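> when you get a sec, could you give me coordinates for this:
(chains A and B)
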Amino acid sequence: MKVFRWLWLALTLALLANGFRVAMFVVPIDQEQGEISRILYYHVPSWCGMAVFFAVNLICSLVYLALRNKNRERALKADALALASAEMGVVYCLIGMTTGSLWGRAAWGIWWTWDARLTTTLVLWLIYVAYLLVRRFVTGPEMRTLAAVVAIFGYLDVPIVYMSTRWWRTQHPAPVFFGGPNSGVDPSMLPALWWNMAGWLAWGIFVVMLRYAAEHRQQQADLKAAHSALEAA
Amino acid sequence: MNPMFHRHLVLAYAVTWVIHLGYLAYVALKWKAAGKTEDEHS
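Sure, this is the predicted structure:
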């Protein structure tokens, strides 16, 4: 497992290094926005990473609820993966909002606006922060069940964020991908986007693997501690 | 080209790495904490 992790890290760093090279030195700049358009290559992969890891969190939460009374061991593993993927999703969401804000300042002259896309995204981020706070501060045997339910309700905001630029035309640009005719980026920009997408997704998988291992280790240690306490009593 | 635009590009890339590496450090701390709890009860 350790060798696999190191190999995965090496692959990830190679993807990210090439993604950076292609984004900075290979693809042409956008004629309207100039250099600032290169933020796209870190901005869009962050949103894709967020969508992937929140979906993983949803699936793991459902698995936890389905297995919690049938197969405790597997349910705990699903719960550990749910936590790891939620944290990763929150990190990607934060990066997406920050890079978007920096881009917005340069392109629109403002750091933030209560536009439909930005507002629904902020709400999504707050929902998942609340999910992590529930996990951190609620004590007792039902904490994991409560967190799984919060995760399921939280995920309802993901399709709203995705559709927000289709339903409401406010400040944020129209959808770049799957937005119908006249949408999409120039084909010359796609290599940088794909390399960075692959690199940041691989990075997310690497960190989630580590976080899952740490959480599973903590669960095992807590179980051992509980057994020791029972034996002592 | 407005130099402020370029500064924003550097900032966006730098912030991305800082947040990711900061979270990686947090994960490393969690791993160490789990190991410590494990040692206490082994």
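> so where's chain B uncertain?
Along chain B, segments meeting pLDDT under 70 span B:1-5, B:41-42.
> repeat the analysis, applying 50 as the threshold.
By pLDDT under 50, chain B has no low-scoring segment.
> which element, helix or strand, includes residue 14?
Reading this off chain A. Using DSSP states H and E, the element containing A:A14 is helix A:2-21.
> let me rephrase: I mean chain B.
Assigning secondary structure by DSSP H and E places B:A14 in helix B:3-40.
> what packs against that helix?
helix A:40-67, helix A:72-107, helix A:190-232 (3 or more Cβ pairs under 8 Å, 6 or more residues apart in numbering or on different chains; DSSP states H and E). To be clear about C-beta, it is placed using only N, CA and C from the backbone, and glycine gets the same treatment.
> export these as CSV, with columns for mean pLDDT and mean neighbour count.
CSV is the format used below for these (pLDDT from 0 to 100; neighbours: other Cβ atoms under 10 Å in any protein chain shown):
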stretch, mean pLDDT, mean neighbour count
helix A:40-67, 96, 21
helix A:72-107, 95, 22
helix A:190-232, 91, 18
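> export the ones you listed to JSON lines and tack on distance to A:T12?
Formatted as JSON lines, the helices and strands packed on helix B:3-40 follow (distance: least, Cβ to Cβ, whole Å):
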{"stretch": "helix A:40-67", "distance to A:T12": "12"}
{"stretch": "helix A:72-107", "distance to A:T12": "14"}
{"stretch": "helix A:190-232", "distance to A:T12": "4"}
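> how about those helices, which one is nearest A:L156?
Between A:L156 and the helices and strands packed on helix B:3-40, the tightest spacing by Cβ to Cβ is seen for helix A:40-67, at 9.7 Å.
> got the angle for the closest one vs helix A:190-232?
Counting by axes from the mean of the first three to the mean of the last three Cα atoms, to 10 degrees, helix A:40-67 points 30 degrees away from the direction of helix A:190-232.
> list the helices and strands helix A:40-67 packs on?
The contact analysis (3+ Cβ pairs under 8 Å, 6+ apart) places helix A:40-67 against helix A:72-107, helix A:116-137, helix A:143-155, helix A:157-167, helix A:190-232, helix B:3-40.
> quick one, which of the ones you listed gets closest to A:A23.
Shortest distance between A:A23 and the helices and strands packed on helix A:40-67, using Cβ to Cβ, is found for helix A:190-232: 4.1 Å.
> so what's the gap between the closest one and the chain middle?
14 Å (Cα atoms, centre = their mean, to the nearest Å).
> that one near chain B at all?
Yes - contact of helix A:190-232 with chain B (Cβ under 8 Å from any Cβ of the partner chain) involves A:203, A:207, A:210-211, A:213-215, A:217-218, A:220-222, A:224-225, A:228.
> packing partners of that helix?
Checking 3+ Cβ pairs under 8 Å, 6+ apart, helix A:190-232 ends up next to helix A:2-21, helix A:40-67, helix A:72-107, helix B:3-40.
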